[in-house]
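[1] sequence below, structure please.
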Amino acid sequence: MTETHSTTSPGDHGAGRLSRRGVLTGGALLAGAAMIAPTGASAAERGHDSRPARRPGDLRDLVTLDALALSGLIRRRQVSCVEVMTTYLDHIEEHNPAVNAIVALRSRAELVAEAREKDRQLRRGDRAGWMHGFPHAVKDLAAAKGIRFTSGSPIYADRVADTDDLFVRRIKEAGAIVIGKTNTPEFGLGSQTYNPVYGATATPYDTERTSGGSSGGAASALALRMLPVADGSDYMGSLRNPAAFCNVMGFRPSWGRVPGPGFVAQGGVSGPMGRSAADVAMLLSTMAGPDRSAPLAIDEDPAVFTRTLQRDFRGTRIAYVGDWDGHLATEPGVLDLVESSFGAFEALGCTVERALPAFDPARVWDLFLTWRWWSMLGYGDLYDDPSTRRKMKPELVWEIENGLRLSARDVAEAVEARTAWYGAVSDLFAEYDFVLAPSAQVFPFDKETHWPSSVDGREMDTYHRWMETVAPWTMSAHPVAGVPVGFDDRGLPMGVQIIGPDNGDRAVLQLAHAYEQRTRWTARVLPPALRDG
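    Predicted coordinates for the structure are as follows:
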């Protein structure tokens, strides 16, 4: 049965109160990323080009531009890299203290000097790529050479990376200047960004509440316009939950799209975040692509993600899993808000129907737990040493100790169950083109609360059970975009997952782009700190 819902109006949540900066650059802000001129652009950029953005009269407005628009201004030398860096650093200085999103920030003198060198390169006609001169902060679970690399753990509080992770190197090669890190939970565990090294990160929509996690620093920084784009990673919704809690977009690629080492397709992937689908696609084109260090990488030219995202969705069939017929505990109001997005999809020509894979969701959760426990044994050496074990987050100790109790047969059965689950999802995609699911089961909660102990009166039996809605798609390894769906009557944001077919990353981004053009939540509803008082 098809259900029709109207898109929730943002009128009660600040949509009409854009800041003076947003009003000044309203065209660039509301038109999204496809606003740079094709003149002089690389083939990679032309796929998203439309019409040029103009140099703002007030340089403070540079932060309101989407990433591709900013890229065009830099490329045409309408703004200098020094102007961009100085503007962003001033903006970070003003807004970061309220949310604690960017950590390990490098000195202004060093960063301005690097930006000045980027300007010299442009004058020589030596443009590195579409991110030339961009300020970029790397999630603190990845290595960026010469920068503090703590993983949010007191065990590594003083560690400094001596190399770059592969995707970080690619971002640098595209021209970005790494200014520091974005905050994350300890070892990335839990969808709540807090740790004993840097503290907690807030959503800019209510700075007393969490930004989600584990890419919480990245999402909060994006929402406050402190970064043009951001990288993140995702095992259990870490690119999806913080996107929902901060009214931005996160994209979990197919496993192997952004290459990583190893011969086992575990749950964790790296991926892009942004304020528009076009920006997300462009960053994915930079992060993705095969590498000889990654035996299971997808062997496809990442330039595919630089092509236009325009597509006709008439006749598209979408399944909606909701709370899996009551299996998932959800905070009141979450499902109503998620389902309010149906109207936007139906306006695109899609039909949205309630449908579930032919698989017990309790079994999906059990196999997720086993895979997670198995993967956490990678920290076994830290657990074995009493001096480091006592510094560990209790949730990590719990994961490792459950992993140590696994037998080889337990793992083999979980592998078989995951294969069966993949088959059930494949059967669903034989009938439907996409799947929708809530991005979270609760709204942003108090940042001093480590995790919700109950949801709508139901006790949570693990520290991450309240995020079970994302686990099925981690286990199937399908691509997922987390996009905003609006706000509750407290002004708290929520999101929906758009799940696509196997390796259908571009198709998911196309639907996310079309949905974004209908709704424009990120552009329309700024965080309170960016609105006029």
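
[2] what ranges do the strands span in the stretch 401-533 of the chain?
    434-438, 454-455, 458-459, 480-487, 493-499 (DSSP state E, counting those that start in this stretch).

[3] tell me what the fourth one is packed against?
    In this structure, strand 480-487 makes packing contacts with helix 241-246, strand 249-252, helix 334-339, strand 493-499, helix 505-519, helix 521-524, judged by 3 or more CB pairs under 8 Å, 6 or more residues apart in numbering; DSSP states H and E. Glycine gets a C-beta too; all of them are placed from N, C-alpha and C.

[4] quick one: the helices in the stretch 51-200 of the chain?
    Along the stretch 51-200 of the chain, the segments classed as helices by DSSP state H, counting those that start in this stretch run 67-75, 81-99, 108-123, 166-173.

[5] could you pull up the mean pLDDT of the third one?
    For helix 108-123, the mean per-residue pLDDT is 98.

[6] CA atoms only for that helix, dumped as PDB, please.
    Output of helix 108-123 as PDB, limited to C-alpha atoms (Å, rounded to 0.1, in the frame of the first residue of the first chain):
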ATOM      1  CA  ARG A 108      47.100  30.400  12.300                       C
ATOM      2  CA  ALA A 109      50.600  31.400  11.100                       C
ATOM      3  CA  GLU A 110      51.300  28.000   9.700                       C
ATOM      4  CA  LEU A 111      48.000  27.700   7.900                       C
ATOM      5  CA  VAL A 112      48.100  31.200   6.400                       C
ATOM      6  CA  ALA A 113      51.600  30.500   5.200                       C
ATOM      7  CA  GLU A 114      50.400  27.300   3.500                       C
ATOM      8  CA  ALA A 115      47.500  29.200   2.000                       C
ATOM      9  CA  ARG A 116      49.900  31.900   0.700                       C
ATOM     10  CA  GLU A 117      51.900  29.100  -1.100                       C
ATOM     11  CA  LYS A 118      48.700  27.800  -2.600                       C
ATOM     12  CA  ASP A 119      48.100  31.300  -4.100                       C
ATOM     13  CA  ARG A 120      51.600  31.300  -5.500                       C
ATOM     14  CA  GLN A 121      50.900  28.000  -7.200                       C
ATOM     15  CA  LEU A 122      47.700  29.400  -8.700                       C
ATOM     16  CA  ARG A 123      49.600  32.400 -10.100                       C
END
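
[7] run through who's touching it.
    With contacts defined as CB atoms under 8 Å, 6 or more residues apart in numbering, helix 108-123 is touched by 74, 77, 80-82, 84-86, 89, 127-128, 132-133, 135, 175, 177, 179.

[8] let's see it at 6 Å
    Applying CB atoms under 6 Å, 6 or more residues apart in numbering, the contact partners of helix 108-123 are 77, 80-82, 85, 89, 133, 177, 179.

[9] again with the last one
    With contact meaning CB under 6 Å, 6+ apart, helix 166-173 is reached by 138, 142, 144, 258, 270, 286-287, 291.

[10] surely Ala319 is in a strand?
    Yes - counting by DSSP: H, G, I helix; E, B strand; the rest coil, Ala319 is part of a strand.

[11] now stretch 504-513: how far from the chain's centre is it?
    Computed by CA atoms, centre = their mean, to the nearest Å, the chain-centroid distance of stretch 504-513 equals 15 Å.

[12] tell me which residues of stretch 496-515 come out buried.
    Under the neighbour-count criterion of 16 or more other CB atoms under 10 Å, stretch 496-515 has 496-501, 503-515 buried.

[13] and Leu68, how far is that from Thr87?
    17 Å (CB to CB, to the nearest Å).

[14] and those two? which has more neighbours close in?
    Leu68 (27 against 19; other CB atoms under 10 Å).

[15] for Asp164, which residues are in contact?
    144-145.

[16] make 644 the starting number, not 1.
    Sounds good: first residue 644 from here, last item Asp807.

[17] per-residue pLDDT of it, please?
    98.

[18] and it, how far from Ala819?
    11 Å.

[19] next one: Gly1021
    29 Å.

[20] repeat for Asp877
    In terms of CB to CB, Asp877 sits 21 Å off from Ala819.

[21] what do you get for Gln1084?
    Distance from Gln1084 to Ala819, by CB to CB: 35 Å.

[22] neighbour count winner among the two?
    The residue with more neighbours, out of Gln1084 and Ala819, is Ala819; 27 against 23, by other CB under 10 Å.

[23] contacting residues for the more buried one?
    By CB under 6 Å, 6+ apart, the neighbours of Ala819 are 774, 777, 779.

[24] mark which of those residues are buried, thanks.
    The neighbour count (16+ other CB under 10 Å) marks 774, 777, 779 as buried among these.

[25] quick one on the thing from earlier: now the contacts of helix 809-816 in TSV, with distance to Trp1041 and pLDDT?
    Formatted as TSV, these follow (distance: CB to CB, whole Å; pLDDT from 0 to 100):
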residue	distance to Trp1041	pLDDT
Val781	28	99
Ala785	25	98
Ala787	30	98
Val901	28	98
Ser913	25	98
Thr929	36	98
Met930	31	98
Asp934	34	96
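
[26] what's the closest of the residues you listed to Tyr1065?
    Val901 (20.1 Å; CB to CB).
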